[in-house]
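S.K.: Have a look at this fold, sequence not included:
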DNA sequence: CGTATACATTTTGTATACGAAAGGTATTTT
DNA sequence: AAAATACCTTTCGTATACAAAATGTATACG
């Protein structure tokens, strides 16, 4: 089960991009990555081309690979598109899911609930929604979902605030919604899973908005009482 | 403007896959393609990996590249998904289109109207809808649209019947719908372009269904009069 | 002092050669 | 005679070496 150096290179780059350890837009140096992962340029370039096909990086002729950008325009389109794709995927997943897939989803959800760090939680959340994408068995929407999840995870980790009371409450609600989604998918209840998915989306959007647009400082410095 | 051997390899494989000259599922021989296009294995493999990222081919470890399959399951999912993506793209295109993009769309539509063969018409149709995809400026849905268009073009050419009166009428109606779509996009009329797009989809679906399920032979061999 | 051009350096793209793995066939054994 | 194993052939994966292109810098000229 030991992964090859090439596979490690792929999964590690994927992880670092999702964690914004490799920031959007930065150039990826072929020679440096070759040395870091102990592979030669040919397999490294294959990894980069695969990552490009999935939307993690962009390749420019004679300019190498850059981590996919995340400008304001990208975010705007992301918020516009996510509800449509997420709810469509959720509906299809409820209709098409198999028992082994459901078991896998429960396993990922357990990882999410047990996650120790915000980053682990974000990765588990990513896998949770990717698993629902698998269940939908729709290669067309899967391509859109994969790209949405990349940006969703990056946004979530970029706009992660310090562990506050409100933040803990949001995570607890997200976990509860995941459980409800699993139950609805198990019951093949498409309408219900779509409804929960849209609530789940609203929660995620609110969390990011809350970070960008926090409560203003009190106008009165000392208690006005 | 002369394209490099590598670019020619890419565009020619793309064309042959869309035309089902390379049938769904067939193995692509690396050595043969290298000889045919006059490039070595490294750039050829890059081309195949790029085609794989866009959904034209699938790559299996130690088994090389195969043209993306088109089984019954694929077709079912295709018919299920296309209206949603096409109409969403159309709406966004009407809202976001720029003047140069509109001019490009008119150019492609002129090529469609002037197409001499069914294959040329199918390619021009492909470019027409891909151009609307560009206008939408939505990388997430663009990934789904690209894959849908691949299968749509392949289906259209697979289920193309001999030039009959009915077929000519369908093509004329499709061309008229294209013109209406261009006008609606030019006017930024999102609701109208969505409506026409759904009509256009119904027409395309009917054409394919008509081929699969033609009028039955007359029950009376000679005139029953 | 600023700008343009030429050269050098760095990085990307391509070819070829070698090593490894999978599938098919033939031979041997039960 | 049938099945299993070993070997051979073919194809895929990786590394390295070479060629080409782009960018940055330095120098010279205006």
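M.R.: Sure, I can see it. Keep in mind that what you see is a predicted model, and the values were worked out from it rather than measured.
S.K.: Pick out the residue in chain A sitting closest to chain B.
M.R.: For chain A and chain B, the shortest gap (Cβ to the nearest Cβ) falls at residue A:53, measuring 2.1 Å. Bear in mind the C-beta positions are built from the backbone N, C-alpha and C, glycine included.
S.K.: which residue packs closest to that residue, ignoring adjacent ones?
M.R.: Closest residue to residue A:53 in three dimensions, ignoring its sequence neighbours and counting by Cβ to Cβ, 6 or more residues apart in numbering or on different chains: residue B:53, at 2.1 Å.
S.K.: Just checking the longest helix anywhere in chain A against chain B, any contact.
M.R.: Counting by DSSP state H, the longest helix found in chain A is helix A:72-96. Yes - contact between helix A:72-96 and chain B, assessed by Cβ under 8 Å from any Cβ of the partner chain, occurs at A:73, A:74, A:77, A:78, A:80, A:81, A:84, A:85, A:88.
S.K.: Which parts of chain A are helices?
M.R.: Secondary structure of chain A (DSSP H): helices located at A:5-18, A:30-37, A:41-54, A:72-96, A:99-114, A:118-136, A:139-158, A:165-186, A:190-212.
S.K.: Could I get the average pLDDT for the first one?
M.R.: Summarised as a single mean, pLDDT over helix A:5-18 is 95.
S.K.: and if you look at the fourth one?
M.R.: pLDDT averaged over helix A:72-96 equals 97, rounded to a whole number.
S.K.: Quick one: residues in contact with it.
M.R.: Helix A:72-96 has contacts (Cβ atoms under 8 Å, 6 or more residues apart in numbering or on different chains) with A:129, A:132-133, A:135-138, A:141-142, A:144-145, A:148, A:151-152, A:155, A:181, A:184-185, A:187-190, A:192-194, A:196-198, A:200-201, A:205, B:84, B:88, B:137-141.
S.K.: For the residue nearest to residue A:111 when sequence neighbours are not counted, grab the count of nearby residues.
M.R.: Using Cβ to Cβ, 6+ apart and skipping the chain neighbours, the partner closest in space to residue A:111 is residue A:124 (4.5 Å). Residue neighbour count, defined by other Cβ atoms under 10 Å in any protein chain shown, stands at 18 for residue A:124.
S.K.: Could you do residue A:115 as well?
M.R.: Count around residue A:115 with other Cβ under 10 Å applied: 17.
S.K.: contacting residues for the residue nearest to the spatial centre of chain A?
M.R.: Nearest residue to the geometric centre of chain A (Cα atoms, centre = their mean): residue A:153, 3.1 Å. Counting by Cβ under 8 Å, 6+ apart, residue A:153 touches A:18, A:122, A:123, A:125, A:126.
S.K.: Torsion angles phi and psi at the residue in chain A that DNA strand D sits nearest to?
M.R.: The nearest approach of chain A to DNA strand D comes at residue A:40, 3.2 Å away (Cβ to the nearest atom of the strand). In terms of degrees, to the nearest 10, the main-chain angles of residue A:40 are phi -90, psi 180.
S.K.: Pull the contacting residues for it.
M.R.: Going by Cβ under 8 Å, 6+ apart, residue A:40 touches residue A:34.
S.K.: ok, back up a step: dump the residue contacts of the residue nearest to residue A:111.
M.R.: Residue A:124 is in contact with A:108, A:111, A:112, A:115, counting by Cβ under 8 Å, 6+ apart.
S.K.: What residues does the residue of chain A found nearest DNA strand C make contact with?
M.R.: Nearest residue of chain A to DNA strand C: residue A:64, at 2.7 Å (Cβ to the nearest atom of the strand). By Cβ under 8 Å, 6+ apart, residue A:64 lies in contact with A:27, A:28, A:29, A:30.
S.K.: quick check, nearest of those to residue A:8?
M.R.: Set against residue A:8, the nearest of the contacts of residue A:64 by Cβ to Cβ is residue A:28 (15.9 Å).
S.K.: Enumerate the residues of chain A near chain B.
M.R.: Residues of chain A found near chain B (Cβ under 8 Å from any Cβ) are A:42, A:45-46, A:49-50, A:52-55, A:73-74, A:77-78, A:80-81, A:84-85, A:88, A:137-141, A:143-144, A:146-148.
S.K.: can you rerun that using 7 Å?
M.R.: Taking Cβ under 7 Å from any Cβ of the partner chain as the contact definition, chain A meets chain B at A:42, A:46, A:49-50, A:52-53, A:77, A:81, A:84-85, A:88, A:138-141, A:143-144, A:147-148.
S.K.: And the contacts of stretch A:107-114?
M.R.: Applying Cβ atoms under 7 Å, 6 or more residues apart in numbering or on different chains, the contact partners of stretch A:107-114 are A:121, A:124, A:125, A:127, A:128, A:131, A:175, A:178, A:179, A:182.
S.K.: so what's the third one up against?
M.R.: What that stands for is residue A:125. Contacts for residue A:125 (Cβ under 7 Å, 6+ apart) come out as residue A:112.
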